[in-house]
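Novice: Got a predicted structure plus its sequence, pasted below:
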Amino acid sequence: MGEVPGAHEESERAGDVRRVRLAGPVEQPTPGTGPGLPPSGGPEAVDRGEPAEFRGPEPVRTPGAVTPGFVLCYECDGLGACDQCGGRGWFPDAPPGRRRCPACFGRRVCPICRGGGELAVSDLSAYQRGYHPEL
């Protein structure tokens, strides 16, 4: 089997292109910036106050904004977020620090409606219809 004409030249050109890409301009980060670095103003520039009060998310669906053929989720009442952790995905008051929510497993959305805030009436089981006596 013979050598393919031009194969050696093609591999040399590919190597030249790789060398040019590697030798491109490199941006130098400015001091005091970048991931994991404190602000350049020193320790006094970092806000070390109390953590902000957690505010839960706004509801995804309200009783007046439910899509026809759907009902509000019986678990989150249209919130769309996990009702046990409030949409955090974890519990802040656990003894060693944070503990992942056992209901949503850290996903932060309602495990029943998966964040939609509503459920299709046609997909409800007999058990789930018990939460909606108007059906």
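Specialist: The structure has been received and is ready for your questions. Small disclaimer: the values here were computed from a predicted structure and weren't measured.
Novice: Which stretches in the protein count as helices?
Specialist: Per DSSP state H, the chain has helices spanning 7-22, 126-129. These are given in chain order.
Novice: how about low-confidence regions in this protein?
Specialist: The chain contains residues with pLDDT under 70 at 1-52, 94-97.
Novice: Run through the strands of it in chain order.
Specialist: With DSSP state E as the criterion, the chain has strands at 70-72, 90-94, 97-100, 118-120.
Novice: between those, which gets nearest to L135?
Specialist: Of all the strands of the chain, it is strand 70-72 that lies closest to L135, at 7.2 Å by Cβ to Cβ. For glycine as for every other residue, the C-beta is placed from the backbone atoms N, C-alpha and C.
Novice: Just name whatever secondary elements the closest one is in contact with.
Specialist: In this structure, strand 70-72 makes packing contacts with strand 118-120, judged by 3 or more Cβ pairs under 8 Å, 6 or more residues apart in numbering; DSSP states H and E.
Novice: Now do the strand it packs on: which elements does it pack against?
Specialist: strand 70-72.
Novice: ok, the strand it packs on: who's next to it in the sheet?
Specialist: strand 118-120 (antiparallel) (DSSP bridges).
Novice: coming back round to it: winner for burial among the strands of the chain?
Specialist: Scoring the strands of the chain by mean neighbour count under mean count of other Cβ atoms under 10 Å gives strand 70-72 as the most buried, with a mean of 20.
Novice: which residues are contacting it?
Specialist: 61, 63, 66, 78, 117-121, 124, 132, 135 (Cβ atoms under 8 Å, 6 or more residues apart in numbering).
Novice: Mind putting the residues you listed into TSV with distance to R107?
Specialist: What follows is the contacts of strand 70-72, written out as TSV (distance: Cβ to Cβ, whole Å):
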residue	distance to R107
R61	18
P63	25
V66	23
G78	18
G117	15
E118	18
L119	18
A120	21
V121	25
L124	22
H132	25
L135	28
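Novice: Of those residues, grab the buried ones for ChimeraX.
Specialist: Filtering those down to the buried ones (16 or more other Cβ atoms under 10 Å) takes a single ChimeraX command:
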select :61,66,78,117,118,119,124
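Novice: before we move on, back to that, specify the stretch among the strands of the chain that is closest to E53.
Specialist: Closest to E53 of the strands of the chain is strand 90-94 (Cβ to Cβ; 11.5 Å).
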